[in-house]
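**Student:** Got a sequence here, can you model it:
(chains A and B)
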Amino acid sequence: MPKLLWLFLIPFLTSLAILVLPSISRRNFKRLAVILSLLPLALLLPFGFEGWLGEKVQVQWLSSLAIEFYLRIDSLSLLFIYLTAIVIPVTLLALKSEKLSFPKTFYALVLLLQGLLIGFFAARDLVLFTIFWEAMLFPLYFIITIWGGSEKRRAAIKFLIYMIAGSSLMVAAVLGLYFSANTFKLDGLIGNAEQGPFAAWICAIFLLAFSVKTPLFPFHAWLPDAYYEAPTAGTVLLSALLSKAGIYGFLRIGLGLFPTFMQEWSPLFLGLSITGVLYGGMAAWMQSDFKRLIAYSSFSHVNFVVAGIFVWHQTAHEGAVLQAINHGITIAGLFIVAGWLEERLQSTSLSPFSGLAKYLPQLCWLTLIFVLSSVALPGTNNFVGELLILFGLFGVHPILTAVLGLTVILTVIYMLRLMQEVYFGPPSTFQHQWVDIGKKELLIALPLVALIFWLGIYPDPVLKQIDSVVETKSHLEAS
Amino acid sequence: MNALLTSVDYAALSPLLIILAGALLLLLAESFAENWAKKLAFPLAAVTIILAFAAAYYAPHSENRLLTPWLSFDTTARFFTLFFLVIGLASVLLASAFFQRFEASHGEYYFFLLSSLFGLILIGFSADFLTLFLGLETLSIPLYILCAYMKKWEISRESAIKYFLIGAIAAGFLLYGIALTYGALGTTNFANIKDHFQNLENSSSHTLFLVGIALVTLGLAFKAAIVPFHVWAPDVYDGAPMPVTAFMAVGTKVGAFAAFVRVFFVALPEFDPIWNQGIAALAIITMVYANIVALRQVQLRRFFAYSGISHAGFLLIPFIAETPDAPAALAFYLIVYATATLGAFAVLAFLDKDSLGVFLRNLKGLFYRSPFLAVIFALCLLTLAGIPPTAGFFAKFFLFKIAFEAGYYAVVIVGLLTTIISAYYYIRIISLMFSEESKETEALPKSWPAAIVGSVAFAAIIIFSVYPEPLMALMNLSK
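**Tutor:** Numbering: from 1, shown residues only, chains lettered A, B, ... in the order given. Here you go, the predicted model:
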């Protein structure tokens, strides 16, 4: 069996295994789930990067419908698969297993999501792509609706309906493409997609679906509630991985199949995304709740990534891909430390306590690392990505670059406000549940911190991979 | 011409004969040995159906000229016979689950059920308008009685009267339509209708024929519960005992579409584009209306009535498009719809404690009372909603593909948009099941027959979802 098939199947098998397993103690259960969720990474790492490129699985699946089970790995897929394989184990590790009801179902759903995401990032058949695209919503829906906060049901159904509405016409678009080139395979559609009838409509439908999932301004109405009501693990998965599915869609389908339309419409999308960056930043500034603050900051940052995609410049595209990965790492870290803080404060409100640095010094410094990464301090990962995007934009539109550059300052303002209100300032009176994080939590956060600095100081290896992605894309654009 | 029936002919007829024999045996047993019948009616009915299934599976094709003008022994007939028998078996199991809870005599019940089943199979076999009509009536008359089977339930009597009156009107339309076509063409045999129609020179005969076909369509639309001929369905579904509702939701629906297949695929393929346009209009009205009204239902049987109506709208799509793939798409959709609906009714069998109907509020927190039932129900609902990666998605996808191929874009767009609404109401139910506050503490009854139906439906949906190819190729008339 090819290793790609294993990579795809392992999460589904482990998810099933967790479900049928007899109940064991909660702590062991969590350990087991973490180990199982690490398996894809364990399979990925020995072959590094080059060993995976070009791997494929192609099986006849539904010949009556001309649908193939076709997965293939290229640099773009692999970057996002690595992100998935890293973020999911970290999310599970950071989870507090003592209070988790229905641990079996929870772990099974997370592993299922892992499998669906890997399938999604590798899918090369348009129908398969659509199936994973929709299917990944359901594990997240259940995670929100079962383990979420007080308004979880409303938030979960709002999230799901927005997503389904956004991509409801995608099936028509997929069919439209099929009848223009007589194949569902992406390889066969490249170059043909823009020639068919209704090509502009088809492209618009896809972009709408991606915009809702990412979410691009103004399709973000589901985001605050879903991010806020979801349990910490759910929020991490939503922000670090689900939004990446939307961005991956822009890159894979948008740039891959419809480069001309993307270029033609880039002023519109650039306008929307820059508005989104500003709006998200302003909204984050106004929040009185740190979970919502980080949610809006995530929204602002993914719009920054989308802006990078729509700047018609190779450097900006590079920056967008890198920034997508960076955002995944940083936002996962931010939500995880916010989750730990929430456990200690029993609330996510900014106002009641301040000066917590005195009681929770380690959590404070860890948070600070992620905050600094988020504000793109030089030496952290976001600095490289944002710089590349701004650099690309400068070549195209210097004035917009100034606007977008200002938003970086906006990020500094709201993020430092978060630090100021919670950790610094006059210390509140001590409460017994304020126990600082220990070595264990630091170890859990270590991979994310390591990645932040690695990508910040020595991003070359990753940039090289991204280069090859962007080059093939621009090669396609030229041909 | 005086050829006698040989053993091959009897073998070809054996599914019908076995059902007939079993039904008569049940009636005799009920008349002469009531106590015996009480115990053995259920196993006897089940064994009869299983025997008939085996017989249908191995049945040869008869070429006897005594039979072929009336019955056609083709793949379509075989497919529908096997399909109806599976539905029949599921209905028998659900009925026995029902009688575990309600005291009523059993023998007659299964007699009526087998008689209806006989009618259904006859529809599948029919090669002439007269056999088709006979089949529909043999299906309907026992069902009128079954509706009022619980004699003391007032709501059942009301529903039976409604069903009977509407059914009689529908039969009247159908028969009148048949008479008009006979008047125009001089034949009622499916094999000759199209030739005769194409050779018509007289324009008044032409009009007569079209009016006849319009009336036939109308009569069948009543049976299939297509808007605006659907008004009976919610009341009747609501009033009938639960297993009868299940049988109507699945059996009658599939039977009506088997009749559609016989008339419009076998007898009159592509006879007039006007008819296709008209059916397209009906399908659009049905999808929009049923989905919007289903939003407001709080009683699950009425809810399933409207959900069934909306699915009938989708099931019309193959008749609109009439591409070579259309029969296969129809068959696949019917199987998926039947499986998911039966699975859902199996779960309702557990919840319907006094047969007053299950309300949405009764489902609150079902997941915490019985994860087994909640998971089955959720999967069935997701399948009915057509959410990937369930088989429901492939079923809808197949229909949309043929509609797109035939150029009915409006049908595709409306169909996709209504799936957003349907996704909302199906998922709202799921969301209720996973919400915490469950007021009902009463333990759920145990019922192995319903559990079998539920588990088999669950397993079948999973298998159909992973590998639907064999089913899709099942009824390929083009071969």
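
**Student:** State the distance from the closest residue to B:Ala385 other than its chain neighbours to A:Leu207.
**Tutor:** Leaving out its chain neighbours, the residue that sits closest to B:Ala385 by CB to CB, 6 or more residues apart in numbering or on different chains is B:Tyr426, at 4.0 Å. Where C-beta positions appear, they are placed from N, C-alpha and C, glycine not excepted. Distance, B:Tyr426 to A:Leu207, by CB to CB, to the nearest Å: 27 Å.

**Student:** got it, and A:Gly280?
**Tutor:** Distance from A:Gly280 to A:Leu207, by CB to CB: 19 Å.

**Student:** Those two - which one has more neighbours?
**Tutor:** More neighbours surround A:Gly280 than the other of A:Gly280 and A:Leu207, with 28 against 22 (other CB atoms under 10 Å in any protein chain shown).

**Student:** wait, isn't the residue nearest to B:Ala385 in contact with B:Leu382?
**Tutor:** Yes. Contact criterion CB atoms under 8 Å: B:Tyr426 and B:Leu382 qualify, at 6.9 Å.

**Student:** rewinding a little: what number of residues are in the vicinity of the residue nearest to B:Ala385?
**Tutor:** So B:Tyr426, with other CB under 10 Å, has 24 neighbours.

**Student:** Report the contact partners of it.
**Tutor:** B:Ser307, B:Leu381, B:Leu382, B:Leu384, B:Ala385 (CB atoms under 8 Å, 6 or more residues apart in numbering or on different chains).

**Student:** What ranges in the chain fall below the confidence cut-off?
**Tutor:** No chain specified, so I'll use chain A. Scanning chain A for pLDDT under 70 picks out A:1, A:470-479.

**Student:** nope, chain B please
**Tutor:** Applying pLDDT under 70 to chain B picks out residues B:1-3, B:104-106, B:354-355, B:437-442, B:475-479.

**Student:** Need the three-state assignment for the residue nearest to B:Ala385.
**Tutor:** Secondary structure state of B:Tyr426, per DSSP: H, G, I helix; E, B strand; the rest coil, is helix.

**Student:** follow-up on the earlier one: out of the contacts of B:Tyr426, which sit inside helices?
**Tutor:** B:Ser307, B:Leu381, B:Leu382, B:Leu384, B:Ala385 (DSSP state H).

**Student:** Give me the nearest residue to the residue of the stretch 301-450 of chain A found nearest chain B, chain neighbours excluded.
**Tutor:** At 19.4 Å from chain B, A:Gln346 is the closest residue in the stretch 301-450 of chain A, using CB to the nearest CB. The spatially closest residue to A:Gln346, leaving aside those adjacent along the chain, is A:Gln433, at 7.3 Å (CB to CB, 6+ apart).

**Student:** sec struct for that neighbour, please.
**Tutor:** Criterion first, three-state DSSP; result for A:Gln433: coil.

**Student:** How about A:Val59?
**Tutor:** Under three-state DSSP, A:Val59 comes out as strand.

**Student:** Number of residues surrounding it?
**Tutor:** Neighbour count of A:Val59, defined by other CB under 10 Å: 9.

**Student:** From A:Phe47, how far out is it?
**Tutor:** Counting by CB to CB, the gap from A:Val59 to A:Phe47 is 22 Å.

**Student:** so A:Ala295 makes contact with A:Tyr228?
**Tutor:** Yes. With contact defined as CB under 8 Å, A:Ala295 reaches A:Tyr228; the gap is 6.1 Å.

**Student:** Near the residue of the stretch 251-400 of chain A found nearest chain B, how many other residues are there?
**Tutor:** For the stretch 251-400 of chain A, the residue closest to chain B is A:Ile253, as judged by CB to the nearest CB, at 16.5 Å. A:Ile253 has 26 neighbouring residues, counting by other CB under 10 Å.

**Student:** Could you measure from the residue in the stretch 151-300 of chain A positioned nearest to chain B over to A:Ala209?
**Tutor:** Residue of the stretch 151-300 of chain A nearest chain B, by CB to the nearest CB: A:Leu175 (4.4 Å). For A:Leu175, the distance to A:Ala209 (CB to CB) stands at 14 Å.
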